[in-house]
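Participant: Just a sequence and a predicted model for now, questions to come.
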Amino acid sequence: EAGVAQSPRYKIIEKRQSVAFWCNPISGHATLYWYQQILGQGPKLLIQFQNNGVVDDSQLPKDRFSAERLKGVDSTLKIQPAKLEDSAVYLCASSLAGRYSYEQYFGPGTRLTVT
Amino acid sequence: GQSLEQPSEVTAVEGAIVQINCTYQTSGFYGLSWYQQHDGGAPTFLSYNALDGLEETGRFSSFLSRSDSYGYLLLQELQMKDSASYFCAVRDNRDKIIFGKGTRLHILP
């Protein structure tokens, strides 16, 4: 079975520019997650979708970050405008319904560098 | 608030056994997961404990004590490829997963 796909794998932008990341979850997985992982730390949940509805976005900096999951499949995460502290790896993960959130499948991530 | 504590680094010798501890404090608790992450890679799921006791999967075992808010991951017959970061993660009563900061495991030949 195909895994979680993400693109791009790497992105370098200047501060105040915008950037978008794309994620395609495992087929049949209703729940999709976006995480931010700063070097040396654990993944921090930014937003969790159940199908195309938002379950949790309490840690999403909504003044600059936005995410959508149209048709309950693919998802995009956008940052506008980017700040230096946004430099991190952005991980997308998926799982079966919420009660299976303990077993998530992660994509390879997008390494973002903001200069 | 919610917090997870695990050692930042652990060092062990190839072929030996190592235990990585995790203590947690959460407003609601359903279970404890463990993930492995190699440098430059994505986290991969290792195990999940919802009930007290030991779960064994090959060379890896995971333990949970709900009364002590404590769990551990036990790695036996260590191999060099086990050098990675290991994260404990709590599943709370809203099906939200909170990850710890991770334990970096160094294995010496």
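Facilitator: Received it, and whenever you're ready, just let me know what you need.
Participant: so what's residue A:98 up against?
Facilitator: Residues near residue A:98 by CB atoms under 8 Å, 6 or more residues apart in numbering or on different chains: A:30-31, A:50, A:55, B:95. Backbone N, C-alpha and C define where each C-beta goes, glycine included.
Participant: ok, now residue B:13?
Facilitator: B:78, B:107-109.
Participant: Name the next helix or strand following the lowest-mean-pLDDT helix or strand in chain A along the chain.
Facilitator: Ranking every helix and strand in chain A by mean pLDDT, DSSP states H and E puts strand A:53-56 at the bottom, with a mean of 91. The C-terminal neighbour of strand A:53-56 among helices and strands, as given by DSSP states H and E, is strand A:65-68.
Participant: What residues of that following strand count as buried?
Facilitator: A:65-67 (16 or more other CB atoms under 10 Å in any protein chain shown).
Participant: quick check: mean pLDDT across it?
Facilitator: Regarding strand A:65-68, the rounded mean pLDDT is 97.
Participant: Number of residues surrounding residue B:48?
Facilitator: For residue B:48, the neighbour count with other CB atoms under 10 Å in any protein chain shown is 18.
Participant: Quick check: residues of chain A near chain B?
Facilitator: For chain A, the residues in contact with chain B (CB under 8 Å from any CB of the partner chain) are A:33, A:40-45, A:48, A:55-56, A:91, A:93, A:98-99, A:101-109.
Participant: could you point out where the chain is predicted with low confidence?
Facilitator: Using chain A. Regions of chain A meeting the criterion pLDDT under 70 cover residues A:1.
Participant: wait, I meant chain B there
Facilitator: B:1.
Participant: which non-adjacent residue is nearest the most far-flung residue of it relative to its centre?
Facilitator: Within chain B, the residue lying farthest from the chain centre (CA atoms, centre = their mean) is residue B:109, at 22.6 Å. Residue nearest to residue B:109 in three dimensions, not counting chain neighbours: residue B:14, with 5.4 Å by CB to CB, 6 or more residues apart in numbering or on different chains.
Participant: how about the one you found, what does it touch?
Facilitator: By CB under 8 Å, 6+ apart, the contact list for residue B:14 reads B:78-80, B:107-109.
Participant: Report the buried members of the residues you listed.
Facilitator: Listed as buried from those are B:78, B:107; burial here means 16+ other CB under 10 Å.
Participant: Would you point out the most distant pair within the contacts of residue B:14?
Facilitator: With CB to CB as the measure, no two of these lie farther apart than B:79 and B:108, at 12.1 Å.
Participant: which residues does the spatially most central residue of chain A bridge with?
Facilitator: Centroid-nearest residue in chain A: residue A:34, 2.7 Å away (criterion: CA atoms, centre = their mean). Counting by DSSP bridges, residue A:34 forms beta bridges with residue A:47, residue A:92.
Participant: okay but it is in contact with residue A:43, surely?
Facilitator: No - using CB atoms under 8 Å, residue A:34 is not in contact with residue A:43, being 9.6 Å away.
Participant: tell me, what's touching those two both at once?
Facilitator: residue A:91.
Participant: Who are the contact partners of residue 33?
Facilitator: Using chain A. Residue A:33 makes contact with A:45, A:47-49, A:92-95, A:104, B:97, according to CB under 8 Å, 6+ apart.
Participant: wrong one, chain B
Facilitator: Going by CB under 8 Å, 6+ apart, the list of residues near residue B:33 reads A:102-103, B:45-49, B:88-91, B:97.
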